[in-house]
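Engineer: The following block contains a protein sequence and its predicted model.
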Amino acid sequence: MTAVHTQTLGLVLSTGAPADLAWTVALARAARRRRIDVSLFLMDRGALWTAAGAAEGTSATVRTLLDDGCDVVVCATSLASAAAPGVVVGGQDDHARLAERSDRVVAFT
């Protein structure tokens, strides 16, 4: 019996632009609806979206992605405060793993 390969989409967000967050979320949710695994890595200004004290709408957005089964990792170097519950605090090794294991990577930089 051969293993079935599950497609994986990697998303990298390093901007603080609300439009980039909206695109990232839209792509992630569309992929999950198609049963594609999704991993997100947020760094630089993108890390602000994962902060525990982020705006209520942003916290709900991150919670939705986590509830949809997305892996959300924030770069510890970029994070100025605690991460929202469920968000993994990682580093560039996590970024490299995302790029290596993803079939496609979309970066908002």
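Structural biologist: Structure received.
Engineer: show me where the chain has helices.
Structural biologist: Secondary structure of the chain (DSSP state H): helices located at 18-33, 56-67, 92-101.
Engineer: would you list those in CSV and tack on mean neighbour count and distance to residue 108?
Structural biologist: C-betas here are computed from N, CA, C, even on glycine. Shown next, in CSV, are those (neighbours: other CB atoms under 10 Å; distance: least, CB to CB, whole Å):
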stretch, mean neighbour count, distance to residue 108
helix 18-33, 16, 4
helix 56-67, 16, 14
helix 92-101, 14, 14
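Engineer: closest to residue 85 out of the ones you listed?
Structural biologist: Of all these, helix 56-67 sits nearest to residue 85, with 8.2 Å by CB to CB.
Engineer: Confidence-wise, which helix or strand of the protein is lowest on average?
Structural biologist: helix 56-67 (a mean of 77; mean pLDDT, DSSP states H and E).
Engineer: hmm, back to that, any chance of CSV for the helices of the chain, columns distance to residue 81?
Structural biologist: Compiled in CSV, the helices of the chain are given as follows (distance: least, CB to CB, whole Å):
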stretch, distance to residue 81
helix 18-33, 18
helix 56-67, 13
helix 92-101, 19
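Engineer: of all these, which lies closest to residue 78?
Structural biologist: Nearest of the helices of the chain to residue 78, taken as CB to CB: helix 92-101 at 10.5 Å.
Engineer: what does the closest one contact?
Structural biologist: 8, 10, 12, 39, 41, 43, 73, 75, 88, 105 (CB atoms under 8 Å, 6 or more residues apart in numbering).
Engineer: okay, the nearest residue to residue 81 once chain neighbours are set aside: pLDDT?
Structural biologist: Nearest non-adjacent residue to residue 81, counting by CB to CB, 6 or more residues apart in numbering: residue 51, 5.0 Å away. At residue 51, the pLDDT value in this model is 78.
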